[in-house]
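>>> fold the following.
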Amino acid sequence: MFEATPQSKFKDVSGANTPQFMVISTPAAKEHARVLRKRKCLFDDVVVFPNNVIKQCIEDTGDLVSKRRKLPHTAFAVWKACRFSNLDKCFLEFLIP
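Here you go, the predicted model:
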């Protein structure tokens with residue numbers, strides 16, 4: 001990097017002033033190496049299930065089973081189911097517009 005000074009105060013060897021601008025070289029700014037911090041590895045604690053708990057989970061599948069719901073298969077059945085589910089709203093509508 002160079003800096004320019006408008007009026008130099010340095011005198012030449014012969015005693016005369018130097019030119020109006022004088023270029024002075026400056027050392028480059030030193031870049032510091034970035035220090036990487038070691039991060040501590042965090043792991044969860046090891047969870048050990050007792051054998052009887054695992055055995056009970058394998059044998060008891062009741063929590064995985066849900067009640068089967070019958071769904072309509074035809075367009076008419078879908079329309080009919082939708083109409084019956086909205087039946088309470090149907091009574092709030094006017095019969096004669």
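
>>> so for the lengthiest helix in the chain, mean pLDDT?
Criterion DSSP state H: the longest helix present in the chain is helix 75-85. If you average the pLDDT over helix 75-85, you get 84.

>>> which residues outside whichever helix or strand comes after that helix are in contact with it?
Remark: after helix 75-85, the chain's next helix or strand is helix 87-90, criterion DSSP states H and E. Residues outside helix 87-90 that contact it (C-beta atoms under 8 Å, 6 or more residues apart in numbering) are residue 83. Quick note: C-beta positions are derived from backbone N, CA and C, even for glycine.

>>> mind checking how far helix 87-90 is from the chain centre?
The gap between where helix 87-90 is centred and where its chain is centred comes out at 45 Å by C-alpha atoms, centre = their mean, to the nearest Å.

>>> burial count for residue 81?
By other C-beta atoms under 10 Å, 13 other residues sit near residue 81.

>>> what's near enough to touch it?
Listed by C-beta under 8 Å, 6+ apart, the contact set of residue 81 reads residue 72.
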